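Colleague: I'll drop the sequence and a predicted model, then ask my questions.
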Amino acid sequence: MRDSRRRRFWLWLVLVCLWAWLLPPAVTLAQVAPPVPAPAEKKEEAPTTCGPLISDTCIPIEAHHLTMQLTGAYSIYQSNFSPNWRRVSLGGDFSTFYMPFKVTYGPTKNLETYLIVPFIANFASSVSPDFNGSTSSSYSGIGDISWFFKYLLLEETEARPAVTGVLGMGFPSGHASHLNPRFFGTDAVGTGAFTFTTGFNFYKWLKPFLVYSNLWLSSPVNLYEDNASHNNVRSREYVTFNLAAEYPLSKRFVVLVEAYSTWTWTNMTSQGIPIPQGYQSPYTKMGILTGLEFLATDKWSVAAGCAFDLYGKGPSSAPAWFTPMVTTIYSF
């Protein structure tokens with residue numbers, strides 16, 4: 001019995017000594033251990049939208065993501081812009097159906113590339129009769145195909161907008177030369193030029209508005225000759241400046257307003273006569289668009305709007321358009 005008590009005494013003594021030896025390091029470690037950081041506050045993100053209808057977006061899509069977009073626009077020609085900023089008669093009823101198919105892909109982070117293949121159909125009626133007595137015509141085909149790249153140069157901060165560098169090229173795939181007089185110009189569905197484009201896109205979330213802007217310089221290099229003078233047709237460089245704003249009404253509906261413009265200083269002439277340069281030739285024009293976006297699902301969205309050309313000037317053919325349009329976007 002006495003031996004049993006003695007063993008318990010020594011056991012307790014060993015445990016107390018061991019506890020006394022381990023306690024100070026444990027206390028020291030507890031005192032110097034860094035505090036557990038509080039969970040970081042999640043940054044508020046801008047709402048998801050379709051993006052502008054005419055202006056280009058800024059932020060590239062995520063890497064290895066794919067987006068397809070199909071747009072339908074029907075332009076009704078109201079008048080021609082004269083060289084002195086006035087409106088003159090068209091001499092008939094003209095309209096254009098424009099349907100570009102756009103495929104966008106993100107090869108890597110902060111880089112986006114997209115290809116635009118447009119289908120164009122031109123219509124003319126109530127025109128002065130030609131030598132065959134015809135007063136109407138139509139023509140359709142593939143227009144100029146464009147290929148663009150966008151790279152994010154500066155990310156958006158509280159003080160500055162996001163900035164994207166843009167580099168693109170338009171190919172002369174649309175019919176632009178050797179136009180047939182019996183079509184009244186409806187067979188011009190391209191520029192007949194390689195068009196090199198460079199510039200910048202901007203984006204800023206000014207809560208609750210999402211603001212976009214584009215500043216591009218395009219330089220066409222024409223490859224065909226004017227039928228009458230046999231001189232090379234040369235288009236002047238032109239600047240594109242667009243400004244757009246979106247206002248989310250809810251998670252599904254977004255209001256869109258855009259101001260678009262194209263600026264050209266001089267149009268090339270041959271012996272004082274303006275040279276025809278094709279359907280998409282540059283001229284100075286300013287207009288506005290209003291629209292509504294609907295985000296049906298996380299991957300599918302639809303937007304519709306109407307564009308009005310307000311002011312402009314140009315050579316013998318610089319039409320002022322009234323253009324209702326609708327687009328649908330699907331993301332993979």
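Modeller: Cool, got the structure. Numbering: from 1, shown residues only.
Colleague: got the contact list for stretch 153-165?
Modeller: The contact list for stretch 153-165 (Cβ atoms under 8 Å, 6 or more residues apart in numbering) reads 58-60, 150-152, 198-205, 211. Using the backbone N, CA and C atoms, a C-beta is placed for each residue, glycine as well.
Colleague: make it 10 Å
Modeller: Here stretch 153-165 makes contact (Cβ atoms under 10 Å, 6 or more residues apart in numbering) with 46, 56-60, 110-112, 149-152, 198-206, 211-214.
Colleague: from those, which land in strands?
Modeller: Counting by DSSP state E, the contacts of stretch 153-165 place 111-112, 149-152, 198-206, 211-214 in strands.
Colleague: those residues, buried ones only, as a ChimeraX selection?
Modeller: The buried residues among the ones in strands among the contacts of stretch 153-165 can be selected in ChimeraX (16 or more other Cβ atoms under 10 Å) with this line:
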select :111,112,149,150,152,199,200,201,202,203,204,205,212,213,214
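Colleague: in the stretch 201-332 of the chain, where is pLDDT below threshold?
Modeller: 223-235, 265-282, 315-317 (pLDDT under 70).
Colleague: okay, strands next: where are they in the stretch 151-300 of the chain?
Modeller: In the stretch 151-300 of the chain, the segments counted as strands under DSSP state E, counting those that start in this stretch are 162-171, 193-206, 209-222, 238-248, 253-263, 269-270, 273-274, 284-295, 300-313.
Colleague: neighbours around Pro118, how many?
Modeller: Residues lying near Pro118 (other Cβ atoms under 10 Å) number 22.
Colleague: what distance do you get for it to Ala307?
Modeller: For Pro118, the distance to Ala307 (Cβ to Cβ, to the nearest Å) stands at 16 Å.
Colleague: how about Glu293?
Modeller: 15 Å.
Colleague: neighbour-wise, which of the two wins?
Modeller: Glu293 (25 against 21).
Colleague: need the contact list for the most centrally placed residue in the chain.
Modeller: Nearest residue to the geometric centre of the chain (Cα atoms, centre = their mean): Asp56, 2.0 Å. By Cβ under 10 Å, 6+ apart, Asp56 lies in contact with 114, 148, 150, 164, 166, 168, 199, 201, 212-214, 216, 240, 242, 244.
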